[in-house]
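K.L.:
next input, structure requested:
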Amino acid sequence: MKRNEFEELKSLTIQELEQKRNELAKRLFEQRIQVRLGQEKNTRSLRNLRKDIARINTLIQEKRMSQQRGANGN
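P.N.:
Numbering: from 1, shown residues only. Here you go, the predicted structure:
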């Protein structure tokens with residue numbers, strides 16, 4: 001994921017981020033199958049997808065924490 005793509009993700013809502021995460025998880029699953037079947041040789045893409053999913057999970061968690069702080073009045 002490039003820096004400008006990550007900056008775009010920061011502006012998305014939690015629901016949009018969850019949808020994006022689900023899309024990436026589906027792509028990861030499909031690519032894992034392709035690697036196992038020998039159709040895909042590039043295993044680096046699996047690592048990159050996992051990292052992208054982790055980045056999105058981090059953004060979701062940050063947004064939830066900021067919403068909780070706002071609801072608590074802090």
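K.L.:
ok, which stretches of the protein are helices?
P.N.:
Assigned by DSSP state H, the helices in the chain fall at 3-10, 14-37, 44-72.
K.L.:
quick one: mean pLDDT for the shortest one?
P.N.:
Pointing back at helix 3-10 there. What helix 3-10 shows for mean pLDDT is 86.
K.L.:
how about that helix: buried residues?
P.N.:
By neighbour count on 16 or more other Cβ atoms under 10 Å, the buried set for helix 3-10 is residue 9. To be clear about C-beta, it is placed using only N, CA and C from the backbone, and glycine gets the same treatment.
K.L.:
repeat for the last one
P.N.:
Of the residues in helix 44-72, those with enough neighbours to count as buried (16+ other Cβ under 10 Å) are 46, 49, 52-53, 55-56, 59-60.
K.L.:
quick one: average pLDDT of it?
P.N.:
93.
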